[in-house]
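[1] Turn this into a structure:
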Amino acid sequence: MKKRIFATMLTAAVFTGVLALSACGDGGSSGGNTFTAGSYSATVEGRNDDITVTVTVNNSNITSIDIDHSETPNWVDEAFPQLIDAIMDANSANVDYIAGATISTQAVIEAVRDALDQARN
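    All right, here's what the predicted structure looks like:
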């Protein structure tokens, strides 16, 4: 029983550390973003297959995010809309992963970061 509690606590601590570090990247912030208006795409490896994200921006804001994927619907049907809302609210890819679809949402966040980097150049 003590080993199981320790393992659970260790897992929670590692997960918390990963979430804290994921917020430290260079994904921009809600203030001060300067983009070249347009649509930018990036493709990264998801859990099941590649995920392609197209991010549309104006000069200072993310205006839409489209995700093309073959991920398992049960895992991402709720997670992806929540993730898109969080990214758009933050006007940044510096958001938390969605529990239950961690690998897939991590991939989407990475692709959004890549697309936003393109928009900044």
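[2] which residues sit in contact with the nearest residue to Asp49 once chain neighbours are set aside?
    For Asp49, ignoring the flanking residues on the chain, the nearest one in space by Cβ to Cβ, 6 or more residues apart in numbering is Ser70 at 4.2 Å. Glycine gets a C-beta too; all of them are placed from N, C-alpha and C. Shown in contact with Ser70 (Cβ atoms under 8 Å, 6 or more residues apart in numbering): Gly46, Asn48, Asp49, Asp50.
[3] cool, and Asn74?
    Here Asn74 is in contact with no residue (Cβ under 8 Å, 6+ apart).
[4] just for the chain, where's the confidence low?
    In the predicted model of the chain, residues 1-32 satisfy pLDDT under 70.
[5] 50 - rerun?
    The chain contains residues with pLDDT under 50 at 3, 6-30.
[6] List the contacts of the helix or strand where Met88 lies.
    Per DSSP states H and E, Met88 falls inside helix 79-90. With contacts defined as Cβ under 8 Å, 6+ apart, helix 79-90 is touched by 29-30, 62, 65, 67, 69, 93, 95-96, 98, 100-101, 104-105, 108-109, 112.
[7] Kindly give a single PyMOL line that selects the buried subset of these.
    Typed into PyMOL, the line below selects the buried ones among the contacts of helix 79-90, using 16 or more other Cβ atoms under 10 Å:
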select buried, resi 62+65+67+69+93+95+98+101+104+105+108+109+112
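[8] Chain neighbours aside, what residue packs nearest to Val53?
    For Val53, the closest residue by Cβ to Cβ, 6+ apart turns out to be Ala111, at 3.8 Å.
[9] for that neighbour, what are its contacts?
    Ala42, Thr43, Val44, Ile51, Thr52, Val53.
[10] ok, now how distant is the most centrally placed residue in the chain from Tyr40?
    Centroid-nearest residue in the chain: Ile109, 2.1 Å away (criterion: Cα atoms, centre = their mean). Per Cβ to Cβ, to the nearest Å, Ile109 is found 15 Å from Tyr40.
[11] Then Ile67?
    Applying Cβ to Cβ, the value for Ile67 to Tyr40 is 14 Å.
[12] likewise Asn33?
    In this view, Asn33 and Tyr40 are 13 Å apart by Cβ to Cβ.
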